[in-house]
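*Asks:* coords below, sequence missing:
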């Protein structure tokens with residue numbers, strides 16, 4: 001058996017659909033703003049990471065020198081153990 005709607009129910013359904021469409025249309029600007037805000041945040045994170053990488057590159061030079069000095073020091077300590085006995 002097919003259910004039939006009264007004229008008032010059809011009008012109420014259509015008005016509800018219209019309200020939903022209006023709300024959907026009005027939310028488009030907010031959705032766009034949220035996406036732009038998210039993009040700005042991601043760009044800031046990328047910029048921060050690029051700066052972090054540059055800082056690390058600069059510190060690498062000093063760290064390499066420090067490791068080299070430590071290696072030399074260890075080599076010198078090791079060489080003391082291998083002094084030929086007379």
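*Replies:* Thanks, I have the structure now. For clarity, every value in this text was computed on a predicted model and none was experimentally measured. Numbering: from 1, shown residues only.
*Asks:* so where is this structure shaky, pLDDT-wise?
*Replies:* Within the chain, the segments meeting pLDDT under 70 span 1-2, 83-86.
*Asks:* For the helix or strand hosting residue 65, name the packing helices and strands.
*Replies:* Taking DSSP states H and E as the definition, residue 65 sits inside helix 7-81. Contacts defined by 3 or more C-beta pairs under 8 Å, 6 or more residues apart in numbering; DSSP states H and E place helix 7-81 against no helix or strand at all. (C-beta placed from N, C-alpha, C; glycine too.)
*Asks:* residues near residue 22, how many?
*Replies:* 10 (other C-beta atoms under 10 Å).
*Asks:* What of residue 58?
*Replies:* The burial count for residue 58: 9, using other C-beta under 10 Å.
*Asks:* Likewise for residue 30?
*Replies:* Residue 30: 9 neighbours (other C-beta under 10 Å).
*Asks:* which residues sit in contact with it?
*Replies:* Not one residue lies near residue 30 by C-beta atoms under 8 Å, 6 or more residues apart in numbering.
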